[in-house]
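Undergrad: Next one to model:
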Amino acid sequence: MTARLPAYWRNVITVLGGALGAQALPLLAAPLITRLCTPADVGAFSVWLGVVAVAAIGATLRLEAAMILDHERAAQRTCFSVVAYSASITALLTTAGAVLARLCGVPFAAQLSWPALLTIGVATWMTAYMQTTLAYATSHNAFGKAARARVWSAASIAAAQVGLLALGIGGAALVAGQLVGLAVGLLAAMLLLAPPQAWPGWLPDSAQRAYLRRHDKFWRFSLPSNLLNVIVGQLPLLMIGARHGALAAGLFALTQRVLGAPIALLAASVLEVFKRQSVHDFQTQGNCRDAYRYTFKALALLGIGPSLVLLLFSPPLFAFAFGENWRAAGELAQILAPLYFLNFIASPLSYVFFVAGRQKTDLVWQVALFAMTLSVFLAPGTLRQSVLWYAIGYSLLYLVYLHMSYQCAQNRMVAA
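TA: Next up is the predicted model:
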């Protein structure tokens, strides 16, 4: 293991450099955005983005994760065609569902404009295909090119949102800017990585059906598990918006964005490299215990400093960076800081469930997490009380999750 560490961390640094560019630009733009629009505008946009995030997971069927294990070009071409097909169907169904929800007066849909509702499907398709293209890059160790594609996307989103807000378009600028950035990022990824091109067809052909059967664990277990995970991530925002209004949703959305930045920046960078290392170790040694331990220690050291700063100084920091109207978001950040520290560690290490073929175990845990989240936010109480109990319950479940993932890393199992 020691001999491989320099290469391991060279790859981490490469991915981290791209992630730094991808995350620094939105964070630098955030103080401008919060001064050019209201918390209610941010809340409505965050609801739209949350629906897109959930739908995009379903659109990929989680088959982009299978691409890390299946390197043959013909198989990867088939994967792209399957994802293109499922993403197209999902985009149409999501748009139709959003329109129907608005007509039926569903609270979250009522907060969104008609242009936002009608573009949910387009954003879903682009997000799903971008995720698949980046997984293709990871399967070929093309971390640098993937990083540049992420930077192009993030820079375009930030520039478009700030520019359109400065023109006085209002909250619609956030959705429009996101669409522009997704399109630019996807185009950059296609040009830099040249992934296999495949037409999905009107109906799945024999090769696509065979691919689905061969990787059935991903859409049978990983898909519902990841859907639950993303839904749980967005559920507090949706329920806060429904119960407490768009203003409260906007405050919580900014809290999520700031606390989630280290996860997107550092933890996601480590994950891209841990995927390859854990698969290699399982195939050669029958376990990935060493890679797991090393990654756990590194993540704990990287995450403890920012978590302590947020825990101690969030309210004045939020007021200084985003304006006094956002101080309440800093108060929520104090409550959630310990939870996001555990999330920072557990998120990259969760890939061991895929490598060890234990997707069903992950699914059971996700069901428990969903039940806990739903019960907490359905229970009567103030916003702060709901967030506090959510943080406590989620943190306890994360401790269980880390224990289970370490057990998977130690056992000799057949790879997924």
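
Undergrad: mind checking the longest helix of the chain?
TA: helix 289-322 (DSSP state H).

Undergrad: which helices and strands does that helix pack with?
TA: The helices and strands touching helix 289-322, judged by 3 or more C-beta pairs under 8 Å, 6 or more residues apart in numbering; DSSP states H and E, are helix 5-36, helix 246-262, helix 268-285, helix 327-349, helix 383-410. For the C-beta atoms, the positions are set from N, CA and C on the backbone; glycine is no exception.

Undergrad: mind redoing it with 6 Å?
TA: In this structure, helix 289-322 packs against helix 5-36, helix 268-285, helix 327-349, helix 383-410, with contacts taken as 3 or more C-beta pairs under 6 Å, 6 or more residues apart in numbering; DSSP states H and E.

Undergrad: Show me which residues of it are buried.
TA: For helix 289-322, a neighbour-count test (16 or more other C-beta atoms under 10 Å) marks 289-292, 294-296, 298-299, 302-303, 306-307, 310-311, 314-315, 317-319, 322 as buried.

Undergrad: and that helix, what's its mean pLDDT?
TA: Predicted confidence along helix 289-322 averages 87 (mean pLDDT).

Undergrad: cool, and stretch 130-137?
TA: Confidence for stretch 130-137, expressed as mean pLDDT, is 91.

Undergrad: can you check stretch 46-66 too?
TA: Taken as a whole, stretch 46-66 has an average pLDDT of 88.

Undergrad: then it to PDB, C-alphas only?
TA: Backbone C-alpha positions of stretch 46-66 (Å, rounded to 0.1, in the frame of the first residue of the first chain) are rendered in PDB as follows:
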ATOM      1  CA  SER A  46     -33.200  25.500  -4.300                       C
ATOM      2  CA  VAL A  47     -36.500  23.600  -4.500                       C
ATOM      3  CA  TRP A  48     -36.100  23.400  -8.300                       C
ATOM      4  CA  LEU A  49     -32.500  22.300  -8.000                       C
ATOM      5  CA  GLY A  50     -33.500  19.700  -5.400                       C
ATOM      6  CA  VAL A  51     -36.100  18.100  -7.800                       C
ATOM      7  CA  VAL A  52     -33.500  18.100 -10.600                       C
ATOM      8  CA  ALA A  53     -30.900  16.300  -8.300                       C
ATOM      9  CA  VAL A  54     -33.400  13.600  -7.300                       C
ATOM     10  CA  ALA A  55     -34.600  13.100 -10.900                       C
ATOM     11  CA  ALA A  56     -31.100  12.900 -12.200                       C
ATOM     12  CA  ILE A  57     -30.200  10.000 -10.000                       C
ATOM     13  CA  GLY A  58     -33.200   8.100 -11.300                       C
ATOM     14  CA  ALA A  59     -32.300   9.000 -14.900                       C
ATOM     15  CA  THR A  60     -28.900   7.300 -14.700                       C
ATOM     16  CA  LEU A  61     -30.300   4.100 -13.000                       C
ATOM     17  CA  ARG A  62     -26.900   4.300 -11.100                       C
ATOM     18  CA  LEU A  63     -25.300   2.600 -14.100                       C
ATOM     19  CA  GLU A  64     -22.600   5.300 -14.200                       C
ATOM     20  CA  ALA A  65     -21.100   3.600 -11.100                       C
ATOM     21  CA  ALA A  66     -20.900   0.300 -13.000                       C
END
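
Undergrad: what helix or strand is the closest residue to residue 180 other than its chain neighbours on?
TA: Counting by C-beta to C-beta, 6 or more residues apart in numbering, residue 180 lies nearest to residue 160, which is 4.1 Å off, once chain neighbours are set aside. With elements taken from DSSP states H and E, the one containing residue 160 is helix 143-166.

Undergrad: Which SSE is immediately downstream of that helix?
TA: Tracing the chain C-terminally past helix 143-166 and defining elements by DSSP H and E, one meets helix 172-193 next.

Undergrad: Tell me the buried residues in stretch 165-172?
TA: In terms of neighbour count (16+ other C-beta under 10 Å), stretch 165-172 has its buried residues at 165, 169, 171-172.

Undergrad: Stretch 242-253 too?
TA: Of all the residues in stretch 242-253, those buried under the rule 16+ other C-beta under 10 Å are 242-244, 246-253.

Undergrad: Great, nothing more from me.
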